[in-house]
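Q: Take a look and give me a structure for this.
(2 chains)
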Amino acid sequence: MQLSNSILQVIAKFLNDKSGVETDFGLSLAPTRKEFEGDVTLVVFPVAGKLKTSPENIANEIGNFLISEHTSLVTAFNVIKGFLNLTFNEGALISQGLSTQTQLKLENPKTIVVEFSSPNTNKPLHLGHIRNILLGWSVSEILKANGHNVHRVQVVNDRGIHICKSMIAWLKFGNNENPDSSGLKGDKLVGKYYVAYDKAYKAEVEKLVESGVEKEVAEKTAPIFNEAQQMLRDWEDKKPETIALWQKMNAWVYAGFETTYKSLSVSFDKNYYESNTYLLGKKIVEEGLSKDIFYKKEDGSVWIDLTEDGLDHKILLRSDGTSVYITQDIGTAIERFHDFAMDGMIYTVGNEQDYHFRVLFLILKKLGYAWADACYHLSYGMVDLPSGKMKSREGTVVDADDLMAEVIESAKAKTLELREMENPESTDAVELFNKIGLGALKYYILKVDPKKRMIFNPEESIDLHGNTGPFIQYTYARIKALIRRADAENIEWKNAIDNKPSLHPLEHELLFNISRFTDVLEEAGNAYSPALLANYTFELAQLFNKFYHELSIFNAPNERDFRLVIANKTAEIISTALHLLGIKCPEAM
RNA sequence: GGCCCCGUAGCUCAGUGGAUAGAGCGACUGCUUUCUAAGCAGUUGGCCGCACGUUCGAAUCGUGCCGGGGUCACCA
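A: Reported below is the predicted structural model:
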């Protein structure tokens, strides 16, 4: 924050003057622990070491210097062991807190492409995708708030043998069923036929095995498998009826995904489709070969040797000349660079692909792309259930649409327990339940450090108390009720700042924490971690509730207007922070 | 087996070199003639996986071990 930076500069200059040489003392100010007096703390051990004096001496020296020469910044200090605790000048704190920015400006903003979701057209979105989507969305919002230009993209896995499986199953068993006739969402309908394929395939294999065929042979000769393979060849040959079927079923899926995205309030600036990008990397392979970055084996396959970088040999082109996953990714990355003139890219993909992205970034770097260094794998851990891993085979996969419907329904039930509502079916009420339910779900997922594996407990995810989204939303709604009352009483509270006598400790603490917002926003951006922002927002809400409980506003005429100003600023920070997490704030709860 | 990630209160998680390690949930106890009790205050609960090392100072950094997960395809 600005105030801390100013103090640090002053201290650095003081120490340099004192020692007579430019020295990096590695100074930094941290928030003072609650049990001590002060706002920020300078740890003076390193300074004492470099100046060869005792920590107490130098701490007192710095403290005395500050309160004699820089009372506009610091008005009090105390020294405990090697810790110098500083108390901000109140006027400076007030103006800093109330002017806290929620949208930062950068001198050199970067253009960053954020990829997330990246679904497979055979499988409806599930809880794992939700973590992915919320992370990708939130990180892109956080980067925007930090001042960058952000483009959101997804790449849809819409080709390959697995797609042909659901197509063949629909042809065989579908009876021309479609989303309208079945009442199923398009992605669910196609997912149903993917499952149907698997079931039919297994039955055929089993039958063959019973008739004496080796299992491995049976798995490759099952008729429905051969039909799927034939369909893939037809697709690659662009056979009209195959392409038409593929397009028809994909359109169903995309409509289904769109519904889910809309419920989650997320969107993309551009969609990439593997059917368009799977050939992209091939040109690069030629380039890499001519530069001797890649090498060709006798069978014609192309590889890169990464053993000097501590990795393995990696294949880039099969012996039959077709490309593999990483080849496509190289091609897609380069295409995106041309599409957006990007400075860097963020891939929101689960941590089981950590190795893949290490290899990808290394190859891009070896090929000489400057933006390769600014590529980041936003790697996140798996979402487990209290009962263990989600397994599609055991039917324990939590469907995204079902989950959202449940949290919203639960928000409704709990809200109605807490208070009477005239018309729970009104559009306003429905919107409220949506905000609360999804607020609970999103916060529950985003408050956890992305890289950690997390356990999703359905009961906790819809909780309204404690460290939850609804708790924070409630705090916001409370403040808005205060502001509405102030407006109704025609209070000119915006002119209140000059008349403020002196700060109550809770007002002081609240202003301090409000002004921390920009630091947290920057840290969250640097660390690609919405969790930092989520935990900060909870602490801010907690602090406000304490303030709200202990200090009266409308019954304290001399303090009223100023407290309303602080409350209003708190609400602004809360709603901004929640917005960056993709969470909406209700004006009343 | 090689490499990567994780291990903090009964449970879910904060805490990425600083002070006596913090929240929430759970359990128990208070607080409403006062601005929304989805709140506030309190009690309970820790060999920070183990060991050694670096440092004035380690949950945090290093090494080794133990435990959990992932990954090492001419799959994506």
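Q: what's in contact with stretch A:356-373?
A: Applying CB atoms under 8 Å, 6 or more residues apart in numbering, the set of residues contacting stretch A:356-373 from outside is A:284, A:287-288, A:291, A:293, A:304, A:306, A:309, A:311, A:314, A:325-326, A:329-330, A:333-334, A:337, A:342-345, A:347, A:349, A:375, A:377, A:379. The way it works is simple: take the backbone N, C-alpha and C, and place the C-beta from them, glycine included.
Q: now the residues you listed: which count as buried?
A: Among the contacts of stretch A:356-373, those buried by neighbour count (16 or more other CB atoms under 10 Å) are A:284, A:288, A:293, A:304, A:306, A:314, A:326, A:329-330, A:333-334, A:337, A:342-345, A:347, A:349, A:375, A:377, A:379.
Q: phi, psi of the residue of chain A found nearest RNA strand B?
A: Using CB to the nearest atom of the strand, the single residue of chain A nearest to RNA strand B is A:Gly466, 2.0 Å away. Note on A:Gly466: its backbone torsions stand at phi 80, psi -140 [degrees, to the nearest 10].
Q: likewise A:Val285?
A: Note on A:Val285: its backbone torsions stand at phi -60, psi -40 [degrees, to the nearest 10].
Q: Could you list the low-confidence segments of chain A?
A: Counting by pLDDT under 70, chain A has low-confidence residues at A:493-496.
Q: Just want the most central residue of it.
A: Of all residues in chain A, the one closest to the mean position by CA atoms, centre = their mean is A:Leu135, 2.3 Å from it.
Q: I'd say that residue and A:Pro450 touch.
A: Yes. When contacts are counted by CB atoms under 8 Å, A:Leu135 is listed as touching A:Pro450 (5.5 Å).
Q: okay, and the common contacts of the two?
A: With CB under 8 Å, 6+ apart as the test, A:Leu135 and A:Pro450 both reach A:378, A:380, A:530.
Q: Start and end of stretch A:522-531, how far apart?
A: 13 Å (CA to CA, to the nearest Å).
Q: Test my guess that A:Glu587 contacts A:Leu482.
A: No. Assessed by CB under 8 Å, A:Glu587 is found out of contact with A:Leu482, at 12.0 Å.
Q: When the two are compared, which one has more neighbours?
A: Neighbour count, other CB atoms under 10 Å: between A:Glu587 and A:Leu482, A:Leu482 has more, with 18 against 14.
Q: Once you drop chain neighbours, what's closest to the more buried one?
A: Using CB to CB, 6 or more residues apart in numbering and skipping residues adjacent in sequence, the residue nearest A:Leu482 is A:Ala567, 5.6 Å away.
Q: Cross the buried ones among the contacts of stretch A:356-373 against helices and list the overlap.
A: Residues of the buried ones among the contacts of stretch A:356-373 located in helices (DSSP state H): A:284, A:288, A:326, A:329-330, A:333-334, A:337.
Q: related to what we said a few turns ago, can you pull the contacts of the residue nearest to A:Leu482?
A: With contact taken as CB under 8 Å, 6+ apart, A:Ala567 is in contact with A:479, A:482-483, A:544, A:548, A:553.
Q: Would you reformat those residues as JSON lines and include distance to RNA strand B and secondary structure?
A: Listed next are those as JSON lines, based on distance: CB to the nearest atom of the strand, whole Å; DSSP: H, G, I helix; E, B strand; the rest coil:
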{"residue": "A:Ile479", "distance to RNA strand B": "8", "secondary structure": "helix"}
{"residue": "A:Leu482", "distance to RNA strand B": "5", "secondary structure": "helix"}
{"residue": "A:Ile483", "distance to RNA strand B": "10", "secondary structure": "helix"}
{"residue": "A:Phe544", "distance to RNA strand B": "8", "secondary structure": "helix"}
{"residue": "A:Tyr548", "distance to RNA strand B": "5", "secondary structure": "helix"}
{"residue": "A:Ile553", "distance to RNA strand B": "3", "secondary structure": "coil"}
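Q: export the residues you listed to a markdown table and tack on distance to A:Ser319?
A: Below are these laid out as a markdown table (distance: CB to CB, whole Å):
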| residue | distance to A:Ser319 |
| --- | --- |
| A:Ile479 | 66 |
| A:Leu482 | 71 |
| A:Ile483 | 69 |
| A:Phe544 | 65 |
| A:Tyr548 | 70 |
| A:Ile553 | 75 |
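Q: Just name the closest of these to A:Asp158, please.
A: Distance to A:Asp158 across those (CB to CB) is lowest for A:Ile479, with 46.3 Å.
Q: Now stretch A:172-187: buried residues?
A: For stretch A:172-187, the neighbour count (16+ other CB under 10 Å) marks A:174, A:179, A:184-187 as buried.
Q: same question, stretch A:244-257
A: A:245-246, A:249-250, A:252-254, A:256-257.
Q: For the closest residue to A:Arg453 other than its chain neighbours, grab phi and psi.
A: In this structure, A:Arg453 finds its nearest non-sequential neighbour in A:Gly381, 3.5 Å apart by CB to CB, 6+ apart. Phi and psi for A:Gly381, reported as degrees, to the nearest 10, are phi -80, psi 160.
Q: can you pull the contacts of A:Gly381?
A: A:Gly381 neighbours (CB under 8 Å, 6+ apart): A:350-351, A:450-454.
Q: what about 7 Å?
A: Residues in contact with A:Gly381 (CB atoms under 7 Å, 6 or more residues apart in numbering) are A:351, A:451-454.
Q: which residue packs closest to A:Tyr325, ignoring adjacent ones?
A: Nearest non-adjacent residue to A:Tyr325 (CB to CB, 6+ apart): A:His356, at 7.5 Å.
Q: Confirm that neighbour sits in a helix?
A: Yes. Counting by DSSP: H, G, I helix; E, B strand; the rest coil, A:His356 falls inside a helix.
Q: is it true that A:Pro46 touches A:Gly26?
A: Yes. Contact criterion CB atoms under 7 Å: A:Pro46 and A:Gly26 qualify, at 5.5 Å.
Q: Which of those two has more residues huddled nearby?
A: Taking neighbours as other CB under 10 Å, A:Pro46 and A:Gly26 compare with A:Pro46 leading, 16 against 9.
Q: related to what we said a few turns ago, quick check: strands, which of the contacts of A:Gly381 are part of them?
A: A:Met454 (DSSP state E).
Q: Widest-spaced pair of the contacts of A:Gly381?
A: It's A:Asn351 and A:Met454 that sit farthest apart of these, by CB to CB, at 11.8 Å.
Q: can you pull out the strands in the stretch 51-200 of chain A?
A: Taking DSSP state E, counting those that start in this stretch, the strands of the stretch 51-200 of chain A run over residues A:74-80, A:83-88, A:111-115, A:149-156.
Q: Quick one: name the residues of the stretch 51-200 of chain A near RNA strand B.
A: With the criterion set to CB under 7 Å from any atom of the strand, the stretch 51-200 of chain A comes near RNA strand B through A:80-83, A:85, A:120, A:157, A:160.
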